[in-house]
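Enquirer: quick one: sequence plus predicted model below, questions after.
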Amino acid sequence: VQLVESGGGSVQPGGSLRLSCTAPGFTAHNYALGWARQVPGKGLEWVSGIYSDGITYYADSVKGRFTISRDNARITVYLQMDSLKSEDTNVYYCATGIPQLGVVDHWGKGTPVTVSS
């Protein structure tokens with residue numbers, strides 16, 4: 001599975017960023033497509049994921065601030081990140097898997113997000 005990420009960058013606390021990920025050839029309807037980030041000592045942790053039927057998952061730390069959406073025709077997902085906090089600083093990896101079970105099946109090269117004043 002090829003995962004091509006774009007977006008990311010640097011922003012001040014309270015700001016917004018939008019990430020995009022295109023996954024040509026991704027057809028697994030029982031797997032979500034979304035974003036994960038590295039947690040020291042724990043590996044990749046799901047931030048948000050969305051299934052082809054529209055069911056979404058959000059980590060507790062981003063609920064109410066991040067919004068994930070999906071264009072099934074383009075096999076592309078978007079993560080709108082609002083009210084960013086310094087603790088959101090990380091490398092964000094486009095990923096496939098089962099976020100409710102913490103399963104990350106494939107991941108991309110990652111795109112950095114820095115939140116700093």
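Expert: That came in fine, so what should we check first? In this text, all values refer to a predicted model and were calculated from it rather than measured experimentally. Numbering: from 1, shown residues only.

Enquirer: please report how far the spatially most central residue of the chain lies from I75.
Expert: Ranked by distance to the mean C-alpha position of the chain (CA atoms, centre = their mean), the top residue is W35 at 1.9 Å. Computed with CB to CB, to the nearest Å, the distance linking W35 and I75 is 15 Å. No exception for glycine: its C-beta is placed from N, CA and C like everyone else's.

Enquirer: I'd say the residue nearest to the centre of the chain and G49 touch.
Expert: Yes - applying CB atoms under 8 Å, one finds W35 in contact with G49, separated by 7.4 Å.

Enquirer: what do these two both touch?
Expert: Between them, W35 and G49 share these contacting residues under CB atoms under 8 Å, 6 or more residues apart in numbering: I68, A95.

Enquirer: show me where pLDDT drops low in the protein?
Expert: Within the chain, not a single segment meets pLDDT under 70.

Enquirer: all strands of it, in order?
Expert: Using DSSP state E, the strands of the chain run over 4-7, 9-11, 17-22, 32-39, 43-50, 56-58, 66-71, 76-81, 90-98, 103-107, 111-115.
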